[in-house]
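Novice: Sequence plus the predicted model coming up.
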Amino acid sequence: MCCCFQDRPCNEIVSLICAYLLPPLGIWWRFGCGMNLCISIVLTCCAYVPGVLYSFIMIGCVPPKGRGVDSSSESDCESGSRW
């Protein structure tokens, strides 16, 4: 998944559809691998409904963090420095 689509509504809609079908997939689509994914896998293994509820709440309420791309910084060419 490209990091430029993280703040767009289509990404959230696709995440919700994936979370309905397979809750850890929706969490992975929205947040990537991490503690949220582990919690979603455990809840889904216990029962399907807690996994879906957790995934919907996380996707709907928690914004995704950036994936290491800083779009606000200037490149060296734009700032005028050669080295």
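Specialist: Okay, I see it.
Novice: what does stretch 30-38 contact?
Specialist: Contacting residues not belonging to stretch 30-38 are listed as 11, 12, 15, 24, 27, 28, 58, 59, 62, 64, 65, 67 [CB atoms under 8 Å, 6 or more residues apart in numbering]. Placement of C-beta: from N, CA and C, glycine included.
Novice: Please name whichever of those scores lowest on pLDDT.
Specialist: The member of these with the lowest pLDDT is residue 67, at 53.
Novice: what sits against residue 48?
Specialist: residue 23.
Novice: Count the neighbours of residue 14 for me.
Specialist: Counted with other CB atoms under 10 Å, residues neighbouring residue 14 total 17.
Novice: Please give the element, helix or strand, for it.
Specialist: Per DSSP states H and E: residue 14 is located in helix 9-21.
Novice: Over to residue 24?
Specialist: Using DSSP H and E, residue 24 sits in helix 23-31.
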